[in-house]
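Student: below: sequence and its predicted model.
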Amino acid sequence: MKKTMKTPVVPVLIALAFTTVSCIKKAPDAVIKSENIQSEEILKTEEVISEQKEILVEAKVLSPKSHFCLLGRDKKMHEILNVAYGNNLSVIHEEDEMITMESEGTLYAKAVYKEVEYWISTDTIALQCETALVLERSVLYADPEFMLTTDEINSPFRFGDFLCRSIAPEDENDFFDRVYYYDQNSKKVKSAYIKKGLISTRTDDIVVMDCVKQLRITKRATLRNEIFKRAAKYKPCLKVAAALDAEKTEKIENNYQDVLNALPGAKYKVNVPELLTVDQSKDPFQ
């Protein structure tokens, strides 16, 4: 009787096991490939975002009345939000991203505010600039060679006036400063040129001069003292410091006289905190 040969079970199982392991080892390759694709997509997205950031230009509002607008279905600009003087904005400064309203004759640019796009009139903003203080009498010129002066009603600027200085790379030089200002006559922001060294962009000078302007319209001694305390934190140039010192002398004289004039009308109901801030060497009740 012939014996039949049987195939061993163990070798077959081992072969299947190797086949399974080889398949499992190949699986991660597909995952790695998909990760590569995802990383490439992320890089492309970042490139698009960086390109969008490059076209954004910093701008400053110089008009006392400016608004964010939206374009309506009637193809007219509708004012949505008020924008305060001095606010900094991001503007998409590209010709393709601007529109001119024929009914107004005004050019509008896209402005980004809290991640929302609006329209804003280019007559109310200045691009790539910083706040500056006029230290010396400054005549405005229409050209950087100082050949033609402007005919604006607010030319020349005088000590204490505020304007904006261009920080654009093409305006950096040792001879002139390009400045922006709001023209009260045309109700538009305009640019001109002044000689170098007539303005200051130092924070100490700007803040203290702003305090001086507030002191000139503030009469109550307690409020004036608060302004003086705020100004004392800074170190301005000699000319601005002299303007601040002049307000200190004026404070003692004017406020003491104000107290004397107010006593009869108030029937001696004196504001004690304010009275204590004036010259105590004089008795207002005598």
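Tutor: Here it is on my side, so go on.
Student: where along the stretch 151-286 of the chain do the strands fall?
Tutor: 162-166, 176-183, 188-195, 199-200 (DSSP state E, counting those that start in this stretch).
Student: tilt between the second one and strand 188-195?
Tutor: The one in question is strand 176-183. 150 degrees (axes from the mean of the first three to the mean of the last three CA atoms, to 10 degrees).
Student: also the first one?
Tutor: Interaxial angle of strand 162-166 relative to strand 188-195 (the same axes, to 10 degrees): 80 degrees.
Student: using PDB, list the CA coordinates for strand 162-166.
Tutor: Only the C-alpha atoms of strand 162-166 are listed here, as PDB (Å, rounded to 0.1, in the frame of the first residue of the first chain):
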ATOM      1  CA  PHE A 162       1.300 118.500  14.600                       C
ATOM      2  CA  LEU A 163       1.700 116.800  11.200                       C
ATOM      3  CA  CYS A 164       2.900 113.500   9.900                       C
ATOM      4  CA  ARG A 165       6.300 112.600   8.400                       C
ATOM      5  CA  SER A 166       6.600 110.100   5.700                       C
END
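Student: still on that earlier bit, export the strands of the stretch 151-286 of the chain as TSV, with columns for mean pLDDT.
Tutor: Formatted as TSV, the strands of the stretch 151-286 of the chain follow (pLDDT from 0 to 100):
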stretch	mean pLDDT
strand 162-166	94
strand 176-183	93
strand 188-195	93
strand 199-200	96
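Student: want to try a markdown table for those strands, with distance to Ile99 as columns?
Tutor: All C-beta spots, glycine's among them, are computed from the backbone N, C-alpha and C. Output for those, formatted as a markdown table (distance: least, CB to CB, whole Å):
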| stretch | distance to Ile99 |
| --- | --- |
| strand 162-166 | 25 |
| strand 176-183 | 22 |
| strand 188-195 | 18 |
| strand 199-200 | 34 |
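Student: ok, which of the ones you listed comes nearest Glu247?
Tutor: Smallest distance to Glu247 across the strands of the stretch 151-286 of the chain (CB to CB): 17.6 Å, for strand 162-166.
Student: any weak-confidence spans in the stretch 151-286 of the chain?
Tutor: 151-155, 249-286 (pLDDT under 70).
Student: where do the helices of it begin and end?
Tutor: Under the criterion DSSP state H, counting those that start in this stretch, the stretch 151-286 of the chain contains helices at 203-216, 221-231, 238-266, 272-275.
Student: what's the helix or strand for the nearest residue to Met98 once chain neighbours are set aside?
Tutor: In this structure, Met98 finds its nearest non-sequential neighbour in Ala109, 5.1 Å apart by CB to CB, 6 or more residues apart in numbering. Assessed by DSSP states H and E, Ala109 sits inside strand 106-113.
Student: tell me which helix or strand comes right after that strand.
Tutor: Later in the chain than strand 106-113, the nearest helix or strand by DSSP H and E is strand 116-121.
Student: in stretch 60-69, what's buried?
Tutor: For stretch 60-69, the buried set under the neighbour-count rule, 16 or more other CB atoms under 10 Å, comprises Lys60, Val61, Leu62, Ser63, Ser66, His67, Phe68, Cys69.
Student: what's the answer for stretch 235-248, then?
Tutor: Across stretch 235-248, burial judged by 16+ other CB under 10 Å covers Pro236, Val240, Ala241, Ala243, Leu244, Glu247.
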